[in-house]
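**Q** I would like to see how this sequence folds:
(one chain, ligands or ions: 1)
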Amino acid sequence: MDTITTIRDLKSAVSAARAKGQTVGLVPTMGALHIGHLSLVKRACEECDFVVVSVFVNPTQFNNPEDLRTYPRTLDADIALLSENTGANVVFAPTVEEVYPEPDTRQFAFGPIAEVMEGEHRPGHFNGVAQIVSKLFMFVEPDKAYFGEKDFQQLAIIRKMVKDMDFKIQIVGCPIVRYMDGLAVSSRNALLQEDERAIAPIIQATLRRSVEEMQYKMTPAEVISWVTKTLNGIEHLEVEYYSIVDGLTLQPIENWGDTEYVVGCITCYCGKVRLIDNITYKVSE
Ligand code: PAF
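**A** Below is the predicted model:
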């Protein structure tokens, strides 16, 4: 596995693979890699001949400077993890100056799917995600790119960007990886104190209870209120939002029968750590 830091070297490695007739997969990450990322990389390696994993903490998607400053950066460990556990061919770990020699002034407009949930609570976040992901797509020109379903809204926006910009790239959404206790695997978990780590699984457990016990006895608004009150009643947890939405348009639903695909998306602080997760209430058969 090669570690590459310049766009020029990246393009020449991909061209060499293409010259051999190989298909190319891309797994964009911000590093601090964990088993969730490894599942994406392994899937990419199963489906593509040549796999690039990018490790880049993208400053343009952070609207909170403290969040950017404290985001875990563990490049050496990331490289070791990838080379020992996956068949990835290249780690692309550029500097900020390499990716953004000039400030990126592009403004993306994704319409209503980007205006709710994370779009509402993290202004500019998805514009930054689109800036970096579109750049990576232009550098690598992969056949397939892999993203986790934990970032449910991000995945929907990337699919829209691919359509809007006419990228010839298949976006592969991969299932959330969870610990045995139900907590979604995330780089941010490393920032949790021991007592916070112990209660963080209650977020998913509460969502699961809302699916199993409440869904048709209560309206979506009542379920939102129950989930929010339950979690806010637990020390260290504070819900930023819980939304129950159409899984395709990401717009809130009023009745369970409004659509065939219903997903609940949550952002909940556990201490100072902002955790996101989601759950499917129903999906069309
Ligand atoms: O999901 C992430 O880790 C990031 O948002 C991504 C897609 C790598 C872009 O920086």
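**Q** contacts, neighbours, all on C-alpha from now
**A** Noted.
**Q** On the three-state scheme, the residue of the stretch 101-250 of the chain found nearest the ligand is what?
**A** Nearest to the ligand in the stretch 101-250 of the chain, going by C-alpha to the nearest ligand atom, is residue 129, at a distance of 5.0 Å. Assigned by DSSP: H, G, I helix; E, B strand; the rest coil, the conformation of residue 129 is helix.
**Q** and the chain, which of its residues are near the ligand?
**A** Within the chain, the residues that sit near the ligand (C-alpha under 6 Å from any ligand atom) are 28, 29, 30, 58, 129, 133.
**Q** Could you tell me how far residue 277 is located from the ligand?
**A** In this view, residue 277 and the ligand are 13 Å apart by C-alpha to the nearest ligand atom, to the nearest Å.
**Q** Pretty sure residue 84 sits in a helix.
**A** Yes. The assignment for residue 84 is a helix, going by three-state DSSP.
**Q** in the stretch 151-285 of the chain, which segments are predicted with low confidence?
**A** Residues of the stretch 151-285 of the chain meeting the criterion pLDDT under 70: 285.
**Q** one step back: now intersect the residues of the chain next to the ligand with the helices, please.
**A** Residues of the residues of the chain next to the ligand located in helices (DSSP state H): 129, 133.
**Q** helices or strands next to the strand or helix carrying residue 161 in the packing?
**A** For residue 161, the element it lies in under DSSP states H and E is helix 152-164. Secondary-structure packing of helix 152-164 (3 or more C-alpha pairs under 8 Å, 6 or more residues apart in numbering; DSSP states H and E): helix 125-140, strand 170-174.
**Q** could you give the angle of it to strand 170-174?
**A** Relative orientation of helix 152-164 versus strand 170-174 (axes from the mean of the first three to the mean of the last three C-alpha atoms, to 10 degrees): 170 degrees.
**Q** Show me where the chain has its helices.
**A** So, for the chain - with DSSP H - the helices run 7-19, 35-47, 65-70, 75-85, 96-99, 118-121, 125-140, 152-164, 194-199, 201-209, 220-232.
**Q** Rebuild these as CSV, extending it with mean neighbour count and distance to residue 283.
**A** Supplementary listing: the helices of the chain in CSV, determined by neighbours: other C-alpha atoms under 10 Å; distance: least, C-alpha to C-alpha, whole Å:
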stretch, mean neighbour count, distance to residue 283
helix 7-19, 15, 38
helix 35-47, 20, 23
helix 65-70, 12, 34
helix 75-85, 15, 33
helix 96-99, 13, 39
helix 118-121, 16, 22
helix 125-140, 19, 25
helix 152-164, 18, 14
helix 194-199, 14, 29
helix 201-209, 18, 15
helix 220-232, 17, 15
